[in-house]
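Participant: based on what follows, work out the 3D shape:
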Amino acid sequence: MLEACILATVLIGFIGIIVKQNLLMKIIAMDVMSTGAIAYYVFISSRDGLSSPIFNQETPLQYADPVPQAVILTAIVIGFSIQALMLVSAMKLAHHNPTLETNEIEDHNTP
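Facilitator: A predicted model of the protein is given here:
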């Protein structure tokens with residue numbers, strides 16, 4: 001059930017990118033899709049019975065791989081920086097155009 005909700009989040013973000021005409025709504029939809037993709041990766045990589053990779057003398061345990069955690073942290077940082085870059089680009093477009101609707105921006109800027 002959780003997997004279906006996560007995939008629905010990715011799908012909602014993807015549909016928002018395609019359907020919405022406002023650039024800010026597209027940026028928010030891309031952030032929703034990115035959050036869903038990260039949540040799906042965390043959901044797939046989590047397993048029962050694994051512990052953190054800290055050395056323990058008493059009981060040998062199966063350790064969780066720390067690489068997926070590093071990949072997720074990197075994906076979060078890259079997603080945040082891309083979102084900041086898109087918001088700055090939208091601010092520059094808003095400075096030169098009276099609206100952020102993609103149809104009107106294309107009409108004003110096509111030769």
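Participant: C-alpha from now on. contacts and neighbour counts both.
Facilitator: Fine.
Participant: the strand or helix carrying residue 38: which residues count as buried?
Facilitator: Using DSSP states H and E, residue 38 sits in helix 23-45. Across helix 23-45, burial judged by 16 or more other C-alpha atoms under 10 Å covers 23-41.
Participant: what residues are up against residue 94?
Facilitator: Counting by C-alpha atoms under 8 Å, 6 or more residues apart in numbering, residue 94 makes contact with residue 100.
Participant: is it in a helix, a strand, or coil?
Facilitator: Put simply, residue 94 is helix when judged by DSSP: H, G, I helix; E, B strand; the rest coil.
Participant: run through the helices of this protein in chain order.
Facilitator: Secondary structure of the chain, counting by DSSP state H: helices at 2-19, 23-45, 67-96, 102-109.
Participant: pipe these into TSV and attach mean pLDDT per row.
Facilitator: Listed next are the helices of the chain as TSV, based on pLDDT from 0 to 100:
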stretch	mean pLDDT
helix 2-19	94
helix 23-45	91
helix 67-96	91
helix 102-109	82
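Participant: any idea how far the residue nearest the centre of the chain lies from residue 101?
Facilitator: For the chain, the residue nearest the mean C-alpha position is residue 34 (1.6 Å; C-alpha atoms, centre = their mean). Distance from residue 34 to residue 101, counting by C-alpha to C-alpha, to the nearest Å: 22 Å.
Participant: quick one on the thing from earlier: ok, the residue nearest to the centre of the chain touching residue 80?
Facilitator: No. Distance between residue 34 and residue 80: 9.7 Å, which falls outside the contact criterion (C-alpha atoms under 8 Å).
Participant: from residue 32, how far off is the closest residue to residue 90 other than its chain neighbours?
Facilitator: Leaving out its chain neighbours, the residue that sits closest to residue 90 by C-alpha to C-alpha, 6 or more residues apart in numbering is residue 23, at 6.9 Å. According to C-alpha to C-alpha, residue 23 stands 14 Å off from residue 32.
Participant: that older thread, list the contacts for the residue nearest to residue 90?
Facilitator: Residue 23 neighbours (C-alpha under 8 Å, 6+ apart): 90, 100-102.
Participant: what's the answer for residue 32, then?
Facilitator: So residue 32 contacts 9-10, 12-13 (C-alpha under 8 Å, 6+ apart).
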